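Student: structure for the following, please:
(2 chains)
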Amino acid sequence: MTDDAGTPGGEGPAGEGPSDFIRDIVAADRARGAWGGRTATRFPPEPNGYLHVGHVKSIALNFGLAQEFGGTCNLRLDDTNPTKESTEYVEAIQRDILWLGFRWSGEVLFASDYFEQLYRWAERLIEQGDAYVDEQSADEIRATRGTLTEPGTTSPWRDRPAAESLDLFRRMRAGEFADGSKVLRAKIDMASPNLNLRDPTLYRIRRAHHHRTGDAWCIYPMYDWAHGQSDAIEGITHSICTLEFEDHRPLYEWFLARLGVVDGPRQIEFARLALTHTITSKRKLLHLVTGGHVSGWDDPRMPTVAGMRRRGYTPAALRAFCARIGVARHNSTIDFALLEHALRDDLNRTATRRLAVLRPLELVVENWPEGHTEAFEAVNNPEDPAAGARRVPFGRRLWIERDDFREVPPKGYHRLSPGKEVRLRYACIVKCTGVDKDPATGEVVRVRCTWDEGSRGGNAPDGRKIKSTIHWVAADHAVPFEARLYDHLFPEDPDAAPEGAPAPGGEGEAWLARLLPNSLEVVTTGWAEPALREAAAGVPYQLERVGYFCLDPDAAPPDRLVLNRTIGLRDTWAKLEQRQQAGKPG
RNA sequence: UGCCGGAUCGUCUAAUGGUAGGACGGCGGACUCUGGAUCCGCUAGUCUAGGUUCGAGUCCUAGUCCGGCAGCCA
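Tutor: Sure thing, here's the model as predicted:
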């Protein structure tokens, strides 16, 4: 199921592939001989949700760097807040990274592995006079932090003797104090223009069961304290994170300096991924899940790795996408079309072709003998001769796509209509001889045609050009299936208030109101060729002229076939027709 | 009125003082047993104003605009 961890998209240091400012930095560091020529990165997710497409960018960067430079990349779960984290997430994260085709160096690591070391270092900070136990409440600490333009004020406990702080800190660990009653703070500068340096909190008391350490601890380190030191413990050279941590870098470096870490890691920030038509906020994604707006973290409409996997996205497409978007230091929003391009590009090369009809219309071949079945050869993938061919049964009664017949064809319509010829893919050329209508509604219920007996296999005996080739399924051999068609969960910019609806004051979860109503359409009328009965999980299919599909886990072959539409084919005609209609006065 | 960071075709991204290039999108065409794929072409950009320089997207100065920061979240 998982494919090779081969080199994704870019070449990096070799030179010919895409590069970016981070690869440049790493290359320069290596050229300088820094860190003894080592390159060590890490991917440090917090296990408080599933990985999404934004993480994929970070994964591709960190693991990619290690691959390209012959370095290492650790997987470290940043599990310092037990109230939000769980083993379910820990496991999902590993599964997703492996599926993407990356392998971490050594064992899976956890920030919680370092709790004891972190604690000892904190005691050292206290002894050095670089940290103190503060007994102010959270509210008081907030109130005395100052504002963006005004300095904060110092805590009354700031200058207590180190021995007293040390004693208190040990008793904090021992569980002598109530949650929230005390914290350990770094003693830096309450007047710093960088708020992160205004005596940041290092430890808080939280009696919460940790998914790994259980009840061993009642104090937990904060991100700033845990992260850099974890990097240092692991010998990370380049600690890559997103732009919002830029202001934390001075703090990151301050801790390292106070602990006397030489040759410590270097923090480098890059712009997180933003995509049109979607959200990449774990908080919001969690809200979609818990609020029942989607079926779960792996809902195929979700931008999560699990969702994309279920939807039929491929690891190769995701990696190619990451190589394409680059890495930079300024915020940007990638057009979703770029992801779709990468997806189609991969799927076109790899997907197994099949014939299936979503919305059937009966087609009767009047000069085909009743009860006679013949099989035509159809190639499995025109992009890949090695994929071979199969035989598809053909009969007098067929299903064709409703869209492929028009009683009154619009301008430029090349498909079937009365008196017109069309090729049935891989089978033969047919000419429409008439239609049967429901006398009550006037609706076309059946299309009649005759086939050109010289066109067996689909080739015109006289070499005449046939404008259109359509797909079909023999009714007597058709396999029913359910198709789930997905569309964007959100409009282009989920955070933009729609025209004429300005958000007054605080708008709470306004983005939720922007959830699109028709992101899921279930079509239960599908008929597929028999070969689809053997559809396998994790294999991409192209239903010719319809789109790319994959088997959904809800399917229970051979009795119940459920196909997810990964993405449609480019549809030039639909675009043309839309434009024609829009152009008409009305 | 604080600090940090950023600004190149519609979007993303190169050009590291020397011809502003690529990708996606859009538009047009060729080809085609998928109106798919493929191929070809077109479209379109250096935030502004000064300065340095033979030469500036790149360096300097001053602006403008955008993003981040006031969790005992990460």
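Student: now do the SS call for residue A:538.
Tutor: coil (DSSP: H, G, I helix; E, B strand; the rest coil).
Student: pull the number of nearby residues for it.
Tutor: Neighbourhood size, residue A:538 [other Cβ atoms under 10 Å]: 12. Backbone N, C-alpha and C define where each C-beta goes, glycine included.
Student: same question for residue A:187.
Tutor: 20.
Student: what's near enough to touch it?
Tutor: A:129-132, A:158, A:199 (Cβ atoms under 8 Å, 6 or more residues apart in numbering).
Student: and those, which are buried?
Tutor: Among these, the ones that count as buried by 16 or more other Cβ atoms under 10 Å are A:130-132, A:199.
Student: quick one: which of the residues you listed is nearest to RNA strand B?
Tutor: Distance to RNA strand B across the buried ones among the contacts of residue A:187 (Cβ to the nearest atom of the strand) is lowest for residue A:199, with 9.0 Å.
Student: wait, that closest one touches residue A:186, no?
Tutor: Yes - with contacts counted by Cβ atoms under 8 Å, residue A:199 reaches residue A:186, the gap being 6.0 Å.
Student: can you name the residue of the stretch 351-500 of chain A nearest RNA strand B?
Tutor: Proximity of the stretch 351-500 of chain A to RNA strand B (Cβ to the nearest atom of the strand) peaks at residue A:458, 2.2 Å away.
Student: all helices for chain A, in order.
Tutor: A:21-32, A:53-69, A:87-100, A:115-127, A:138-143, A:162-174, A:223-234, A:249-258, A:282-290, A:305-311, A:315-325, A:336-350, A:510-513, A:572-583 (DSSP state H).
Student: tabulate those (TSV), appending mean neighbour count.
Tutor: Putting the helices of chain A into TSV (neighbours: other Cβ atoms under 10 Å) gives the following:
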stretch	mean neighbour count
helix A:21-32	16
helix A:53-69	23
helix A:87-100	18
helix A:115-127	18
helix A:138-143	12
helix A:162-174	17
helix A:223-234	23
helix A:249-258	18
helix A:282-290	16
helix A:305-311	24
helix A:315-325	23
helix A:336-350	18
helix A:510-513	14
helix A:572-583	11
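Student: to residue A:396, which of those helices lies closest?
Tutor: helix A:572-583 (28.4 Å; Cβ to Cβ).
Student: that closest one and RNA strand B in contact?
Tutor: Yes - applying Cβ under 7 Å from any atom of the strand, one finds helix A:572-583 touching RNA strand B at A:572-573, A:575-576, A:579.
Student: report the contact partners of residue A:261.
Tutor: Contacts of residue A:261 (Cβ under 8 Å, 6+ apart): residue A:232.
Student: how about the one 4 residues further on?
Tutor: Shown here is residue A:265, whose contacts under the criterion Cβ under 8 Å, 6+ apart are A:228, A:231-232, A:236-239, A:256.
Student: how much space separates it from residue A:88?
Tutor: 30 Å (Cβ to Cβ, to the nearest Å).
Student: one more: residue A:519?
Tutor: Taking Cβ to Cβ, one finds residue A:519 at 25 Å from residue A:88.
Student: do the same with residue A:344
Tutor: To residue A:88, residue A:344 is 33 Å away according to Cβ to Cβ.
Student: quick one: the residue of the stretch 351-500 of chain A closest to RNA strand B and residue A:428 touch, right?
Tutor: Yes - with contact defined as Cβ under 8 Å, residue A:458 reaches residue A:428; the gap is 6.2 Å.
Student: point me to the residue of the stretch 201-350 of chain A nearest RNA strand B.
Tutor: For the stretch 201-350 of chain A and RNA strand B, the shortest gap (Cβ to the nearest atom of the strand) falls at residue A:330, measuring 2.6 Å.
Student: I figured that residue hits residue A:271, correct?
Tutor: Yes - if you go by Cβ under 8 Å, residue A:330 and residue A:271 touch, sitting 5.9 Å apart.
Student: of the two, which one has the most company?
Tutor: Neighbour comparison, residue A:330 and residue A:271: the larger count goes to residue A:271, with 18 against 7 (by other Cβ under 10 Å).
Student: check contacts around that one.
Tutor: Going by Cβ under 8 Å, 6+ apart, the list of residues near residue A:271 reads A:242-243, A:327-332.
Student: mind putting these into JSON lines with pLDDT?
Tutor: As requested, the contacts of residue A:271 are exported to JSON lines (pLDDT from 0 to 100):
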{"residue": "A:242", "pLDDT": "97"}
{"residue": "A:243", "pLDDT": "97"}
{"residue": "A:327", "pLDDT": "97"}
{"residue": "A:328", "pLDDT": "96"}
{"residue": "A:329", "pLDDT": "95"}
{"residue": "A:330", "pLDDT": "93"}
{"residue": "A:331", "pLDDT": "93"}
{"residue": "A:332", "pLDDT": "95"}
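Student: list buried members of the residues you listed by neighbour count.
Tutor: residue A:327.
Student: list the contacts of residue A:87.
Tutor: A:47, A:211.
Student: distance check, it against residue A:227.
Tutor: Counting by Cβ to Cβ - residue A:87 and residue A:227 are separated by 21 Å.
Student: go on, residue A:212?
Tutor: Distance from residue A:212 to residue A:227, by Cβ to Cβ: 17 Å.
Student: residue A:489 too?
Tutor: 31 Å.
Student: any idea what residue A:109 is bridged to?
Tutor: In this entry, residue A:109 is beta-bridged to residue A:76, by DSSP bridges.
Student: look at residue A:462 and say how many residues are nearby.
Tutor: Close neighbours of residue A:462, defined as other Cβ under 10 Å, add up to 7.
Student: could you report the pLDDT at residue A:496?
Tutor: With respect to pLDDT, residue A:496 scores 84.
Student: turn the contacts of residue A:265 into a markdown table, including pLDDT and distance to residue A:137.
Tutor: Formatted as a markdown table, these follow (pLDDT from 0 to 100; distance: Cβ to Cβ, whole Å):
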| residue | pLDDT | distance to residue A:137 |
| --- | --- | --- |
| A:228 | 98 | 27 |
| A:231 | 98 | 32 |
| A:232 | 98 | 32 |
| A:236 | 98 | 36 |
| A:237 | 98 | 40 |
| A:238 | 98 | 39 |
| A:239 | 98 | 33 |
| A:256 | 98 | 30 |
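Student: want to throw these into a markdown table with distance to residue A:515?
Tutor: What follows is the contacts of residue A:265, written out as a markdown table (distance: Cβ to Cβ, whole Å):
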| residue | distance to residue A:515 |
| --- | --- |
| A:228 | 38 |
| A:231 | 38 |
| A:232 | 43 |
| A:236 | 39 |
| A:237 | 43 |
| A:238 | 38 |
| A:239 | 36 |
| A:256 | 44 |
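Student: farthest-separated two in the residues you listed?
Tutor: A:238 and A:256 (14.0 Å).
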